[in-house]
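Participant: The sequence and its predicted three-dimensional model are supplied below.
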Amino acid sequence: MSEQTFSDVPQVELLQWLARGSLKQNLLRAIRLWVWLRSLYGEDQDHVFLEDGFTLADWKTAFFSSTHPKGETIPDFHDSNCHCAKTTAEWLFDDKTGLNQETWKHSLLSHVNISNLDEILQKRLFGVTRRSLQADLQILEELGWLENREQKYHRVQYLPSRPITTKPNNHELNFLNQEDLAEIAENMSQKIGGVQRFFLKLDYVVTAVDEVGNWQYELRKLWSQSPVPPIKLIYNSARLGESNKCLVYPVCIYYVQRAVYLCAFGESPDRKTDWYNFRLDRIENITPIEWTNPRIPKNLQQRYHQRNLPSPEEIELQMDKALGFDFYLESRLMLLRFERDYHDRYIRDTSRHETFKLISYQKAKSLIQSSVVNSEHKAELLKVLANRSPKDAYYSLQYRHGDHNVTMRLRAWRPRVEILSPYDLRQKVTADIVKEIGLYQNN
């Protein structure tokens with residue numbers, strides 16, 4: 001029995017995936033499959049009660065009214081309260097989906113030319129034969145939504161990977177991961193009294209604007225396919241100083257710290273991690289490949305066959321665990337000391353990361369004792385701490401070791417912050433500072 005729920009909204013991307021081919025020819029079936037999934041995995045009144053192991057007849061009894069005809073032919077209009085009476089438009093456009101009919105139609109027509117769309121929307125979605133409903137079940141089985149054992153259908157424990165579509169808000173701002181910022185943007189995005197009062201200024205260092213635009217367009221097309229194919233990237237790595245080929249599964253796009261990145265799973269340029277954040281402007285080529293390609297990394301092949309392809313939710317989960325955008329790097333404990341006056345002016349009552357927590361002087365000492373393995377390093381750090389004031393502000397946090405953005409944040413706080421631990425990071429920053437001082441000393 002599934003432990004997951006299906007609350008996806010019937011946007012074009014999902015319907016194209018359910019259509020398994022021409023959306024123009026299979027639009028009604030794709031929408032009907034979406035309703036099927038709501039009945040099998042949905043919440044509240046969308047969900048129909050079925051034993052784990054059911055037949056088409058069992059589902060029809062639970063889904064339709066008691067007056068629904070039992071024959072093989074298309075049911076006549078017999079009961080306004082029976083689900084077979086509802087038009088396609090009535091299924092699509094209500095408070096549950098939050099879809100605006102004109103906006104949805106415009107989105108669909110920009111994707112596929114359907115001259116009689118209004119006529120289709122007025123058709124009864126479940127005014128079909130028993131044979132059509134049986135074919136729907138077979139398609140859901142083929143797509144991985146159901147298992148057929150001993151001539152009965154069973155829900156799956158894990159829902160298949162598919163284009164995730166959620167209920168839109170008024171201004172489609174769900175991509176902003178700061179709730180208060182999203183609220184401000186939603187409330188202030190329109191002009192007030194004819195004057196624009198809200199502006200969002202982002203630092204953006206990329207000059208290859210055309211390339212970024214082309215790649216995000218290509219990725220959008222790939223993400224509309226079913227299944228989403230893996231890709232071969234040619235990537236100009238700044239860290240390695242050369243171009244590399246990487247076979248990966250594209251997951252999502254992030255804007256972080258002045259540039260746009262593709263988060264992908266498979267091969268990294270240095271072959272040290274499964275995940276990698278590829279800067280879009282450094283991508284030289286994207287070529288979709290077949291899932292049968294033998295060069296696809298084994299870890300990615302396994303996840304494909306297990307129907308557990310990487311998702312954006314995995315990335316968000318890992319970023320919540322430690323500070324840093326390179327969420328696939330090692331998570332380590334960091335201890336910081338801020339000068340009390342600087343802390344009280346600029347750090348106190350600010351949000352940096354969920355793991356960024358104010359601790360006592362004694363707690364800082366305890367963490368050094370418990371987390372530093374090398375005895376010489378531990379003794380040296382405890383000696384440093386003994387020479388610091390207990391009145392200063394001490395913080396602990398988890399961070400991604402080697403993440404460039406973490407390094408930049410620490411540089412921005414200098415000289416008001418001191419890294420107490422880990423030892424190797426403290427030594428690296430010390431060496432950087434010594435080198436920097438050498439640039440300013442008179443020779």
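Facilitator: Right, received. Where do you want to start? Residues are numbered from 1 along each chain as shown.
Participant: What residues sit buried inside stretch 33-48?
Facilitator: By neighbour count on 16 or more other C-beta atoms under 10 Å, the buried set for stretch 33-48 is 33-42, 46, 48. The way it works is simple: take the backbone N, C-alpha and C, and place the C-beta from them, glycine included.
Participant: And the residues you listed, which is the shakiest by pLDDT?
Facilitator: Sorting the buried residues of stretch 33-48 by pLDDT puts residue 46 at the bottom of the list (75).
Participant: What distance do you get for the closest residue to that one other than its chain neighbours to residue 63?
Facilitator: Using C-beta to C-beta, 6 or more residues apart in numbering and skipping the chain neighbours, the partner closest in space to residue 46 is residue 38 (4.3 Å). Distance from residue 38 to residue 63, counting by C-beta to C-beta, to the nearest Å: 10 Å.
Participant: Tell me which entries of the buried residues of stretch 33-48 lie within strands.
Facilitator: Among the buried residues of stretch 33-48, no member falls in strands (DSSP state E).
Participant: Tabulate the residues you listed (JSON lines), appending distance to residue 397.
Facilitator: Shown next, in JSON lines, are the buried residues of stretch 33-48 (distance: C-beta to C-beta, whole Å):
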{"residue": "33", "distance to residue 397": "46"}
{"residue": "34", "distance to residue 397": "43"}
{"residue": "35", "distance to residue 397": "46"}
{"residue": "36", "distance to residue 397": "46"}
{"residue": "37", "distance to residue 397": "41"}
{"residue": "38", "distance to residue 397": "42"}
{"residue": "39", "distance to residue 397": "46"}
{"residue": "40", "distance to residue 397": "43"}
{"residue": "41", "distance to residue 397": "38"}
{"residue": "42", "distance to residue 397": "40"}
{"residue": "46", "distance to residue 397": "42"}
{"residue": "48", "distance to residue 397": "47"}
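Participant: Let me see the backbone angles for the closest residue to residue 330 other than its chain neighbours.
Facilitator: Sequence neighbours aside, residue 401 is the residue nearest to residue 330 in space, at 4.8 Å (criterion: C-beta to C-beta, 6+ apart). When read as degrees, to the nearest 10, the backbone of residue 401 gives phi -70, psi 120.
Participant: Could you report the separation of residue 401 from residue 329?
Facilitator: Residue 401 is 6 Å from residue 329, by C-beta to C-beta.
Participant: Quick check: can you name the pairing partners of the longest strand anywhere in the chain and their directions?
Facilitator: Ranked by residue count under DSSP E, the longest strand found in the chain is strand 242-256. According to DSSP bridges, strand 242-256 has the following sheet partners: strand 231-237 (antiparallel), strand 259-266 (antiparallel).
Participant: mind checking how far the shortest one is from the chain centre?
Facilitator: Translated: strand 231-237. Per C-alpha atoms, centre = their mean, to the nearest Å, the displacement of strand 231-237 from the mean C-alpha position of its chain is 21 Å.
Participant: the inter-axis angle of the one helix or strand residue 221 maps to versus strand 242-256?
Facilitator: Assigned by DSSP states H and E, residue 221 belongs to helix 209-223. Helix 209-223 runs at 80 degrees relative to strand 242-256, counting by axes from the mean of the first three to the mean of the last three C-alpha atoms, to 10 degrees.
Participant: Dump helix 209-223 to PDB, restricted to CA.
Facilitator: Coordinates of each C-alpha in helix 209-223 appear next as PDB, following Å, rounded to 0.1, in the frame of the first residue of the first chain:
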ATOM      1  CA  VAL A 209      23.300  35.700 -21.400                       C
ATOM      2  CA  ASP A 210      22.400  34.000 -24.800                       C
ATOM      3  CA  GLU A 211      24.000  30.700 -23.800                       C
ATOM      4  CA  VAL A 212      22.200  30.700 -20.500                       C
ATOM      5  CA  GLY A 213      18.900  31.400 -22.200                       C
ATOM      6  CA  ASN A 214      19.500  28.700 -24.800                       C
ATOM      7  CA  TRP A 215      20.300  26.000 -22.100                       C
ATOM      8  CA  GLN A 216      17.400  26.800 -19.900                       C
ATOM      9  CA  TYR A 217      15.100  26.500 -23.000                       C
ATOM     10  CA  GLU A 218      16.700  23.200 -23.900                       C
ATOM     11  CA  LEU A 219      16.300  21.900 -20.400                       C
ATOM     12  CA  ARG A 220      12.700  22.900 -20.200                       C
ATOM     13  CA  LYS A 221      12.000  20.900 -23.400                       C
ATOM     14  CA  LEU A 222      13.800  17.900 -21.900                       C
ATOM     15  CA  TRP A 223      11.900  18.100 -18.600                       C
END
